[in-house]
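Asker: okay, predicted coordinates and the sequence, questions at the end:
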Amino acid sequence: MAKTTKHLLVFSGLFVVIICGSSVFGLAKLVYDHGPEVFFGQRTASREYKPLPPKKYASAEFVLGQIPLSEVEQAVFIYLPEDVLFLDPYYLGFPRIELEAAELARLAKMISSGSLISTGSESNSTNCVVKDSSGQASLIPCSNGLQDQDKIWRIESEAVLQKNIGVLIIQLKDGRLAEIRIFWSKKGFVYAPYEKAGPWWIEGVTAGSMPEIKTWKKSAYVASIPVLWPELSPEAANNLAASRLGGHIYWRAYEFIKGSNKARKILGEIQEMRPAAGTNDYSAWMDSQSATLTFKVVGSVGEAVVLIRGYECFDSEMVFRGDIIDISNGIACP
């Protein structure tokens, strides 16, 4: 009897160890796949393409001249047809060109020659950015701020009409990223560094011009759309993305694109769909749920990027050959 009891205790102990080990392994895999954000209702299809935290952005520091060009790993200039939202920081489907060191140096010199104003001031006065002899920047009330604001508005308005819009994406050697939206016209040059948090909400303007931007545009090209897990088949990649993000939203978005008359009109018969190497994440907070999904869609005419945002209802945008098209006609609730 004692021997039987001993065996039962040993078996029970092994069973508990196996169960606990499986739980720990499952928890570790969950954290590895999604990061610690998963405990706050945030899930992502790929750790490599999860949303960048605010501390990873160094856009304002680059504009302020606080980052040496020797720290730049890669600089890419991307041409946009309009002032797009929600497609950053990957901007899949738009024509792009990688800048050489000398080209980036000239662009950085243009940026450093401009006037910077604060766009986040709550006071009645306009604040300008000034740097001291050590390179440290601060905001001070300035008399020319309103004039610069007017210049920025006029240049941006003209640039939007002429589709003279681009974004400079700079990858730094320490893993940070600088993202700077740029507008240009005959009246001048406007640049706005993108930050998620921090004290610097600024825009810059200069009366100069950069003829190189027009030259770059002739050499820019739309790269083949990168995908998540290229070693997997489209079916396997879709199943993996659905399991990580939630099948409810993923498959509804998938079927919506597949059945979209507007998508077929542009791309021809849909031949393949799979998650693109861009933003693919899901978040839940209280009673609110939302997802952002990026698909590569291949048709008989060509390939495109489709961005889906929402949950029960969503809007979708297609980027095809550098143009952006609303294929849901606003908000769709399939």
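Answerer: Here it is on my side, so go on. Residues are numbered from 1 along each chain as shown.
Asker: point out where the stretch 201-334 of the chain drops to low pLDDT.
Answerer: 286 (pLDDT under 70).
Asker: and stretch 76-88, end to end?
Answerer: 13 Å (CA to CA, to the nearest Å).
Asker: please disregard the earlier target; I meant stretch 325-332.
Answerer: Span of stretch 325-332 from end to end, CA to CA: 15 Å.
Asker: in it, which residues are buried?
Answerer: For stretch 325-332, the neighbour count (16 or more other CB atoms under 10 Å) marks 325, 327-328, 332 as buried. All C-beta spots, glycine's among them, are computed from the backbone N, C-alpha and C.
Asker: what's in contact with it?
Answerer: 256-257, 260, 262-263, 266, 306, 310, 313-319 (CB atoms under 8 Å, 6 or more residues apart in numbering).
Asker: filter the residues you listed down to the buried ones and hand me the PyMOL line.
Answerer: To isolate in PyMOL the members of the contacts of stretch 325-332 that are buried, counting by 16+ other CB under 10 Å, one can use:
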select buried, resi 256+257+260+263+266+306+310+314+315+316+317+318+319
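Asker: in strands, which of the buried residues of stretch 325-332 appear?
Answerer: Using DSSP state E, the subset of these located in strands is residue 325.
Asker: quick one: the buried residues of stretch 325-332 as a markdown table, columns for distance to residue 144 too.
Answerer: What follows is those, written out as a markdown table (distance: CB to CB, whole Å):
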| residue | distance to residue 144 |
| --- | --- |
| 325 | 41 |
| 327 | 45 |
| 328 | 44 |
| 332 | 47 |
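Asker: show me which of the buried residues of stretch 325-332 is closest to residue 174.
Answerer: Lowest distance from residue 174 to the buried residues of stretch 325-332 (CB to CB) belongs to residue 325, with 37.0 Å.
Asker: and the closest one, bridged to which residues?
Answerer: residue 318 (DSSP bridges).
Asker: so residue 148 is in which element?
Answerer: Assigned by DSSP states H and E, residue 148 belongs to helix 145-162.
Asker: avg pLDDT for that helix?
Answerer: In this model, helix 145-162 has a mean pLDDT of 92.
Asker: direction included, what does the helix or strand just after it pair against?
Answerer: Note on helix 145-162: by DSSP H and E, the next helix or strand toward the C-terminus is strand 165-172. Under the criterion DSSP bridges, strand 165-172 sits next to strand 72-80 (antiparallel), strand 177-185 (antiparallel) in its sheet.
Asker: can you lay out the ones you listed as TSV showing distance to residue 109, mean pLDDT and mean neighbour count?
Answerer: Formatted as TSV, the strands paired with strand 165-172 follow (distance: least, CB to CB, whole Å; pLDDT from 0 to 100; neighbours: other CB atoms under 10 Å):
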stretch	distance to residue 109	mean pLDDT	mean neighbour count
strand 72-80	14	97	19
strand 177-185	14	96	22
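Asker: redo these as a markdown table? Include distance to residue 47.
Answerer: Compiled in a markdown table, those are given as follows (distance: least, CB to CB, whole Å):
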| stretch | distance to residue 47 |
| --- | --- |
| strand 72-80 | 19 |
| strand 177-185 | 16 |
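Asker: quick one: closest of those to residue 302.
Answerer: strand 72-80 (18.1 Å).
Asker: for the stretch 151-300 of the chain, what spans make up the helices?
Answerer: Using DSSP state H, counting those that start in this stretch, the helices of the stretch 151-300 of the chain run over 212-219, 234-245, 247-258, 261-267.
Asker: contacting residues around residue 46?
Answerer: Contacts of residue 46 (CB under 8 Å, 6+ apart): 228-229, 277, 280.
Asker: filter those residues down to the buried ones.
Answerer: Buried, going by 16+ other CB under 10 Å: 228-229, 277, 280, out of the contacts of residue 46.
Asker: I'd like the residues you listed laid out as TSV, including distance to residue 207.
Answerer: Converted to TSV, the buried ones among the contacts of residue 46 look like this (distance: CB to CB, whole Å):
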residue	distance to residue 207
228	44
229	48
277	39
280	42
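Asker: how many residues are close by the nearest residue to residue 281 once chain neighbours are set aside?
Answerer: Leaving aside its chain neighbours, residue 281 sits nearest to residue 44 (4.4 Å; criterion: CB to CB, 6 or more residues apart in numbering). Close neighbours of residue 44, defined as other CB atoms under 10 Å, add up to 22.
Asker: for residue 44, give its distance to residue 307.
Answerer: Relative to residue 307, residue 44 is positioned 15 Å away (CB to CB, to the nearest Å).
Asker: ok, now residue 210?
Answerer: 30 Å.
Asker: can you check residue 251 too?
Answerer: 17 Å.
Asker: likewise residue 318?
Answerer: Residue 318 is 8 Å from residue 307, by CB to CB.
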